[in-house]
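A.B. asks: Fold the following and give me the result.
(chains A and B)
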Number of protein chains: 2
Amino acid sequence: MGENFKSKPLIDIPKGYRTYVANAGIKDKTLDLGVVVSDVTANAAAMFTSNKVKGNPVQVGIKHIKGGKVRAVVVNSKNSNVATGKVGYDDCVRVCKKAAHELNVPVTQIFPSSTGVIGRRLPADKIIDALDSLSAKLIDVDFAGFAEAIMTTDTFPKYASRKIGNATLVGVAKGSGMIEPNMATMLSYFFTDAEIPAASLKTILKRVVEPTYNSLSIDSDMSTSDTVMVMANGVQGKVPLAAFEKAFREIATELTRMLARDGEGATKLFTVTVKNAATERDAKAVGKSIINSPLVKTAIYKGDPNWGRIFMAVGKTPGVKVEPQKIKIRWGGKSYSNDELPALSEYLKANEELELEVSLGSGTKSWTVYGCDLTEAYVRINAYYTT
Amino acid sequence: MGENFKSKPLIDIPKGYRTYVANAGIKDKTLDLGVVVSDVTANAAAMFTSNKVKGNPVQVGIKHIKGGKVRAVVVNSKNSNVATGKVGYDDCVRVCKKAAHELNVPVTQIFPSSTGVIGRRLPADKIIDALDSLSAKLIDVDFAGFAEAIMTTDTFPKYASRKIGNATLVGVAKGSGMIEPNMATMLSYFFTDAEIPAASLKTILKRVVEPTYNSLSIDSDMSTSDTVMVMANGVQGKVPLAAFEKAFREIATELTRMLARDGEGATKLFTVTVKNAATERDAKAVGKSIINSPLVKTAIYKGDPNWGRIFMAVGKTPGVKVEPQKIKIRWGGKSYSNDELPALSEYLKANEELELEVSLGSGTKSWTVYGCDLTEAYVRINAYYTT
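C.D. replies: Below you'll find the model as predicted:
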């Protein structure tokens, strides 16, 4: 993978956070537990998967985030604690209680996440043991280490940061990975030392998530555990909200691009911008239809300049009026005639990031979505595992 | 592929039809033209793709079928005549006019279809030449031959028939194939010698298509050329409509199962029945969500007993209320506990037809959908072609 798709070293780091990463022995000897603790109670907001089958940590997190105050995130990999029933819910609560006890904070200030196989009971006792004497084990904050601890088989850890005046915002994400067959759960956490009210965090988070994480699709499947969360501990004081939102969106876009490029089996980052649509909703729907089309995703994989598939994917978008004769397609800023298909094939083959622009000719709105190609490796990663 | 998935020899054949199959030289030396002509004008009805980018033959067919009278279907492969603009529309009309002239019937009684690559001009003159002296070239009807002539790279021709009293109904279909990268266009034609009014054909066709072709998904992509058409020439007189519809649905189900089993790169037929849903619409939507999930489709390919993916696919179905704790899953009529996953893996590996039953526990309605697994071969077929 090209180096410019990976995380750059973190220069700027928000103040007032500490870290604990460990192997709790959930499945093997690799890191499976990551904790970030704020020195003081932070304002917080979160958004979750809209899958109607929600993991237990998501259900607990929905409850805990209501107060808008978080002291620590506790994330485990190797087991998602999904479809494990009442006992699984209680397991998650027990883990939160242990962390709350160790940090001497209310249990609702512990924000839990789990990622991994579905339908197996979480070995909560192992996590609880690992959290013993948590306060004493916290080290100077290491967001890169935390990003690594929550990876499953992401091929690289994902993080990015921005300064906003004296304050700093850092974002961390994990995406598609397979240690056990799971479902490309997307987890992402943002930490800042700016002082921002929980209500503002919520509003900004919603606005940022829509054009970034919600515009990303690796394979059209939706995890039962997807979570995005932001903590603001206020240690560095207030910052202009507009500047904060700008930094937030930039980091989220960067992480979204990393998640797409590092999709299961992917060899290319595929961005699709739909322009001149009647509404943003239409533009996004058409973009998603293109980026989720298996025939488009296979065509770009090996450079088949088969633009008819783009037309097909535009036309099948539910609920969007399309006038086929007005559709215009550009790749990397250039349109290709039928006589230039070998050059288009060359463009598709030569680049690790493919930029498709589709103009619908029916309005003035546009939207960009992020995806990747579909390869034999995707099939292999997801087919050949047997319990 | 198991023999029981393929077409059985046609014993019963409707009277009053003749055939012409040929190589018109559209791309290479293989069959690329198939014509079925009724001796007398037949009542007819048709349904088409709901893709908003519609091929020129679909646009012409929509016009022609309005009269409810058809004398002949003219089908070419190797070029779909889609996204070719006004000149492509005129090309299609010229082909119809030639056939109409040769058969001495109104042009609206010619029903055209094309399947193949998108966006290249149809070599209409070659087809027109091949239609020269059509009446003289017609042979005794050969539906199996016609089914073969319209194949692209279907791995076997698809047909089935039923007697209804003295009359007979035969159905022919082509599905996913790749001679040139196209998009798994589904074409299907039914011919009967029963006497049935066009309005009844239309009603019955609509009712039959919903639980069969409209419940089929190879890869969630929707062709710009999908067409189902039925002709009834009346040569054998009237039959009870209920018996006719029953035969129609049986044949359509048989062909749908063949199309699914013969999906691009597929190794398994995958049927999903969703039971105990609040509405049929819900049951179908959940079934489609499962059958289109790449993670489910890869899991069944190599026998990963990863039932969490089924839960995920149920939960992500848009607009359907789901109570996770009520979901029950059965494979081949049996439920498997976490302790029995090796046996489930064995079931998935050993069978060429996989039957999944999902009970939602929220009502009394059910629906069955038809699909296949997702394999490296699907990626290969659709990725490695370059113009």
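A.B. asks: Identify the residues contacting residue A:191.
C.D. replies: A:14, A:17, A:36, A:38, A:143, A:169, A:170, A:172, A:230, A:231, A:233 (C-beta atoms under 8 Å, 6 or more residues apart in numbering or on different chains). C-beta coordinates here come from the backbone N, C-alpha and C atoms, glycine included.
A.B. asks: again, only using 6 Å
C.D. replies: Contacts for residue A:191 (C-beta atoms under 6 Å, 6 or more residues apart in numbering or on different chains) come out as A:14, A:17, A:170, A:231.
A.B. asks: Ok, residue A:358 next?
C.D. replies: Contacts of residue A:358 (C-beta under 6 Å, 6+ apart): A:274, A:329.
A.B. asks: Show the pLDDT at it.
C.D. replies: On pLDDT, residue A:358 comes in at 98.
A.B. asks: Tell me how far it lies from residue A:311.
C.D. replies: For residue A:358, the distance to residue A:311 equals 9 Å [C-beta to C-beta, to the nearest Å].
A.B. asks: And for residue A:107?
C.D. replies: 54 Å.
A.B. asks: Going by how many neighbours each has, rank the two and give me the top one.
C.D. replies: residue A:311 (25 against 15; other C-beta atoms under 10 Å in any protein chain shown).
A.B. asks: Just to be sure, the more buried one is in a strand?
C.D. replies: No. Per DSSP: H, G, I helix; E, B strand; the rest coil, residue A:311 lies outside any strand segment and is helix.
A.B. asks: thinking again about what came up before, by neighbour count, which of the contacts of residue A:191 wins?
C.D. replies: residue A:231 (30 neighbours).
A.B. asks: Show me what it bridges to in the sheet.
C.D. replies: Beta-bridge partners of residue A:231, counted by DSSP bridges, are residue A:44, residue A:191.
A.B. asks: from what I can see it touches residue A:40, true?
C.D. replies: No. Assessed by C-beta atoms under 6 Å, residue A:231 is found out of contact with residue A:40, at 10.6 Å.
A.B. asks: what's the pLDDT at residue A:261?
C.D. replies: In this model, residue A:261 is scored at 89, pLDDT.
A.B. asks: Could you give the number of residues near it?
C.D. replies: 26.
A.B. asks: interface residues of the stretch 151-300 of chain A facing chain B?
C.D. replies: Residues of the stretch 151-300 of chain A lying close to chain B by C-beta under 6 Å from any C-beta of the partner chain are A:181, A:183, A:219, A:221, A:222, A:224, A:293, A:294, A:295, A:298.
A.B. asks: any idea which of those residues is least confident?
C.D. replies: residue A:181 (35).
A.B. asks: Remind me which helix or strand residue A:275 belongs to.
C.D. replies: Here residue A:275 sits within strand A:269-277, counting by DSSP states H and E.
A.B. asks: List the buried residues for the helix or strand just after that strand?
C.D. replies: Using DSSP H and E, the helix or strand that follows strand A:269-277 in sequence is helix A:280-291. Neighbour-count burial for helix A:280-291, counted by 16 or more other C-beta atoms under 10 Å in any protein chain shown, picks out A:282, A:283, A:284, A:285, A:286, A:287, A:288, A:289, A:290, A:291.
A.B. asks: of those residues, closest to chain B?
C.D. replies: residue A:289 (9.5 Å; C-beta to the nearest C-beta).
A.B. asks: Touching, the closest one and residue A:312? I think so.
C.D. replies: No. Contact criterion C-beta under 6 Å: residue A:289 and residue A:312 do not qualify, at 9.3 Å.
A.B. asks: neighbour-wise, which of the residues of the stretch 151-300 of chain A next to chain B leads?
C.D. replies: residue A:183 (32 neighbours).
A.B. asks: Count residues in the vicinity of the residue of the stretch 51-200 of chain A found nearest chain B, would you?
C.D. replies: Chain B sits closest to residue A:118 of the stretch 51-200 of chain A, with a gap of 2.6 Å, by C-beta to the nearest C-beta. By other C-beta under 10 Å, 27 other residues sit near residue A:118.
A.B. asks: Just give the nearest non-adjacent residue to it, would you?
C.D. replies: Residue nearest to residue A:118 in three dimensions, not counting chain neighbours: residue B:308, with 2.6 Å by C-beta to C-beta, 6 or more residues apart in numbering or on different chains.
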